[in-house]
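Visitor: Test case, fold it:
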Amino acid sequence: MERIRAFCKRKNIVISARRYGIDALGAMAQGLFCSLLIGTILNTVGSQFGVGFLTAKIIEINKEGYTVGGLCSFMSGSAMAVAIGYALQAPPMVLFSLATVGYACNALGGAGGPLAVLFVAILAAEFGKAVSKETKVDILVTPIVTILAGIGAAWVIAPPIGGAASAFGSLIKQATVLQPFWMGILVSVLVGVALTLPISSAAICSVLGLTGLAGGAAVAGCCAQMVGFAVMSFRENGWGGLVSQGLGTSMLQMPNIVRNPRIWIPPTLASAITGPIATCLFKLEMNGAAINSGMGTCGLCGQLGVWTGWVTPSEKALADGAAAIVPGAMDWAGLILISFVLPAVLAWLFGELLRRRGWIQEGDLKLT
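Guide: Down below sits the predicted model:
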């Protein structure tokens, strides 16, 4: 056992919840962002504003034409796997080999491909790291082991993992349609909390394929956390804190939450209110890429996702029965209120009540 521990330490193979559940998952979300999400935005901008370069099919693969945005989405599996390998500090030969593994795994996993990529890329990366530079023919051994381990695992486990993730996501979406009030609260609170925790709510939403009404509730929860923390901590952090949390991430407050968990109450209560308002009153749906559901106001990706879902629904959303619409005044009002106005007002109000009660002290929300 000691020899195994020494070998793993030498090879930087760290089997831990943080390495796999936080570092790898967060990196996977970044890979998705740089491929699928950017591709969706480019396609939507091209079609809505008539940008010829973005709407032209510049390459043909298997008799199917792809735009610039289409190519970004086409390579999302590779982008996720390489990002995961980077987070696991894989050496170059392993990292480059993961591009093939990610593409194959995402294709085999179907609608739940991102979750399959997470598991398989971790497995392939660790196998590759184990054999890296152990032989004199490393240039052959490392990529062969990485690719065969990855694709072999993908062949066996990607379809069932992808199917399970897709089925669970469908269950959440159907439950939200049937019980929009209670599921609006549940989805909004849980996804919002995940956004503030040091895990990736965007990756979770992508893995589960959260679109439609459930996606709208997820957007509400994420916005409540980001905008809520940004506004209620304005007196401590000023405009810099407003921007860094409101357009960046509420995760910046985690050290303060550890010191005083009560500061988490106002934005969480706000999400419990805005979630059902989004699902029951405004019928807010996220029919863009599922990753947008877990982005909130980060770079306004949540709002861009709702907009792209209005005008150009994603393939996943189309498969669930979504259709392109011309957004009306109620749609825009709902998006603005759920994303910005209500989180700001509610979190500030709850925050002031807790300050007067003495549960939140001056400086408790100060970013360091």
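Visitor: which residue is nearest the centroid of the protein?
Guide: The chain has Ala202 as the residue nearest its centroid, 1.3 Å off, counting by C-alpha atoms, centre = their mean.
Visitor: Pull the contacting residues for that one.
Guide: Neighbour list for Ala202: Ala29, Leu32, Phe33, Ile291, Asn292, Ser293, Gly294, Met295 [criterion: C-beta atoms under 8 Å, 6 or more residues apart in numbering]. Where C-beta positions appear, they are placed from N, C-alpha and C, glycine not excepted.
Visitor: need the longest helix for this protein.
Guide: For the chain, the helix that runs over the most residues, judged by DSSP state H, is helix 138-178.
Visitor: Quick check: next helix or strand after that helix?
Guide: Next along the chain after helix 138-178, taking DSSP states H and E as the criterion, comes helix 180-196.
Visitor: Quick one: residues contacting Ala121.
Guide: Contacts of Ala121 (C-beta under 8 Å, 6+ apart): Ala24, Met28, Met80, Ala81, Ile84, Gly85, Leu98, Val101, Gly102, Cys105, Gly150.
Visitor: just to revisit the earlier point, could you export the contacts of Ala202 as CSV, including secondary structure and pLDDT?
Guide: CSV is the format used below for the contacts of Ala202 (DSSP: H, G, I helix; E, B strand; the rest coil; pLDDT from 0 to 100):
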residue, secondary structure, pLDDT
Ala29, helix, 84
Leu32, helix, 84
Phe33, helix, 83
Ile291, helix, 86
Asn292, helix, 88
Ser293, helix, 92
Gly294, helix, 90
Met295, coil, 88
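Visitor: Low-confidence ranges, the stretch 101-250 of the chain, go.
Guide: Counting by pLDDT under 70, not a single residue of the stretch 101-250 of the chain qualifies.
Visitor: quick revisit: Thr368 versus the residue nearest to the centre of the chain, what's the distance?
Guide: Remark: distance between Ala202 and Thr368 (C-beta to C-beta, to the nearest Å) = 25 Å.
Visitor: quick one on the thing from earlier: got a list of what the closest residue to the residue nearest to the centre of the chain other than its chain neighbours touches?
Guide: Distances taken as C-beta to C-beta, 6 or more residues apart in numbering place Gly294 nearest to Ala202, at 3.9 Å, with adjacent residues excluded. Gly294 is in contact with 29, 191, 194-195, 200-206, 210, 218, 222, counting by C-beta under 8 Å, 6+ apart.
Visitor: Gly85 now?
Guide: Residues near Gly85 by C-beta under 8 Å, 6+ apart: Val94, Leu95, Leu98, Ala121, Ala125.
Visitor: And it, how close does it get to Ile204?
Guide: 20 Å.
Visitor: Repeat that for Leu140.
Guide: Taking C-beta to C-beta, one finds Leu140 at 38 Å from Ile204.
Visitor: Neighbour count: these two, which is higher?
Guide: Comparing Leu140 with Ile204 by neighbour count (other C-beta atoms under 10 Å), the higher total belongs to Ile204, at 24 against 11.
Visitor: Surely that one touches Leu190?
Guide: No - assessed by C-beta atoms under 8 Å, Ile204 is found out of contact with Leu190, at 9.1 Å.
Visitor: Count the neighbours of Trp155 for me.
Guide: Using other C-beta under 10 Å: Trp155 sits among 13 other residues.
Visitor: Over to Ser200?
Guide: Ser200: 28 neighbours (other C-beta under 10 Å).
Visitor: One more: Glu64?
Guide: 10.
Visitor: How confident was the prediction at it?
Guide: Glu64 is assigned 85 on the pLDDT scale.
Visitor: Is it bridged to anything, and to what?
Guide: On the basis of DSSP bridges, Glu64 takes part in beta bridges with Ile61.
Visitor: buried residues in stretch 225-242?
Guide: Using 16 or more other C-beta atoms under 10 Å as the test for burial, stretch 225-242 gives 225-234, 237, 241-242.
Visitor: Please disregard the earlier target; I meant stretch 257-272.
Guide: For stretch 257-272, burial by neighbour count (16+ other C-beta under 10 Å) applies to Ile257, Ile263, Trp264, Ile265, Pro266, Pro267, Thr268, Leu269, Ala270, Ser271, Ala272.
Visitor: contacting residues for the fourth one?
Guide: Read it as Ile265. Contacts of Ile265 were listed using C-beta under 8 Å, 6+ apart, and they are Phe350, Leu354, Trp359.
Visitor: Narrow these to those in helices?
Guide: Phe350, Leu354.
Visitor: ok, the contacts of Ile265 vs Phe340, which is closest?
Guide: Proximity of the contacts of Ile265 to Phe340 was ranked by C-beta to C-beta; the top entry is Phe350 with 16.6 Å.
Visitor: can you pull out the helices in the stretch 1-150 of the chain?
Guide: 2-10, 17, 25-32, 38-49, 52-55, 68-74, 76-87, 92-109, 113-131, 138-178 (DSSP state H, counting those that start in this stretch).
Visitor: Could you find the closest non-adjacent residue to Ile15?
Guide: The shortest distance from Ile15 to any non-neighbouring residue, by C-beta to C-beta, 6+ apart, is to Cys8 (7.4 Å).
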